[in-house]
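Trainee: I would like to see how this sequence folds:
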Amino acid sequence: MPHLIFKLKFKFGLRVVILVDEYDSPLIYALEVKKNRTLAHEIRISYDDQFGRIKAKLGDLRLVLMLGVSRLALTPLLESGPNNTKDLTYETELAGAFGFTNEETEDFHPEIAHQYNFK
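Mentor: Okay, here's the model as predicted:
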């Protein structure tokens, strides 16, 4: 990834934006579906490596946006080096910015809203 960040910054002359969508899905799958703590630990080590590579290039990055499907704490993953993360999970002004709101689910997918009692 550092090589890609370098190439993008060099080609466009701008700092790079990284979007990591559903970063926590593999870990949740290992823990909740497979019930495999060893696999979860290996995934966690991989996260440490990948996030460390991203953090090493912070000077070349404009923004790193990480979206998860759960509120998985990032603190242990980002505890070394520069740590200027901000958890936006409970920022009410951003509540509808990503994914679906309860109202959108009720309007477009009533079968899901009924299944999970969103009303």
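Trainee: now stretch 49-58, how far from the centre of its chain.
Mentor: The chain centre lies 14 Å from the centre of stretch 49-58; the measure is CA atoms, centre = their mean, to the nearest Å.
Trainee: keeping just the C-alphas, turn it into PDB.
Mentor: Extracted in PDB, the C-alpha atoms of stretch 49-58 (Å, rounded to 0.1, in the frame of the first residue of the first chain):
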ATOM      1  CA  ASP A  49       0.300  -4.500  10.000                       C
ATOM      2  CA  GLN A  50      -2.000  -2.800   7.400                       C
ATOM      3  CA  PHE A  51      -2.900   0.100   9.700                       C
ATOM      4  CA  GLY A  52       0.700   0.500  10.600                       C
ATOM      5  CA  ARG A  53       1.500   0.900   6.900                       C
ATOM      6  CA  ILE A  54      -1.200   3.500   6.500                       C
ATOM      7  CA  LYS A  55       0.000   5.400   9.600                       C
ATOM      8  CA  ALA A  56       3.500   5.400   8.200                       C
ATOM      9  CA  LYS A  57       2.300   7.400   5.300                       C
ATOM     10  CA  LEU A  58       0.100  10.000   7.100                       C
END
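Trainee: for the helix or strand containing residue 40, packing partners?
Mentor: Element membership of residue 40, judged by DSSP states H and E, is helix 37-56. Applying 3 or more CB pairs under 8 Å, 6 or more residues apart in numbering; DSSP states H and E, one finds that helix 37-56 makes contact with helix 25-28. All C-beta spots, glycine's among them, are computed from the backbone N, C-alpha and C.
Trainee: return the helix it packs on as CSV; C-alpha atoms alone will do.
Mentor: Taking Å, rounded to 0.1, in the frame of the first residue of the first chain, the C-alpha atoms of helix 25-28 are listed here in CSV:
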residue,chain,number,x,y,z
SER,A,25,-16.2,-7.7,8.8
PRO,A,26,-13.4,-10.3,8.7
LEU,A,27,-13.0,-10.0,12.4
ILE,A,28,-16.7,-10.3,13.2
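Trainee: can you point out the buried residues in that helix?
Mentor: 26-28 (16 or more other CB atoms under 10 Å).
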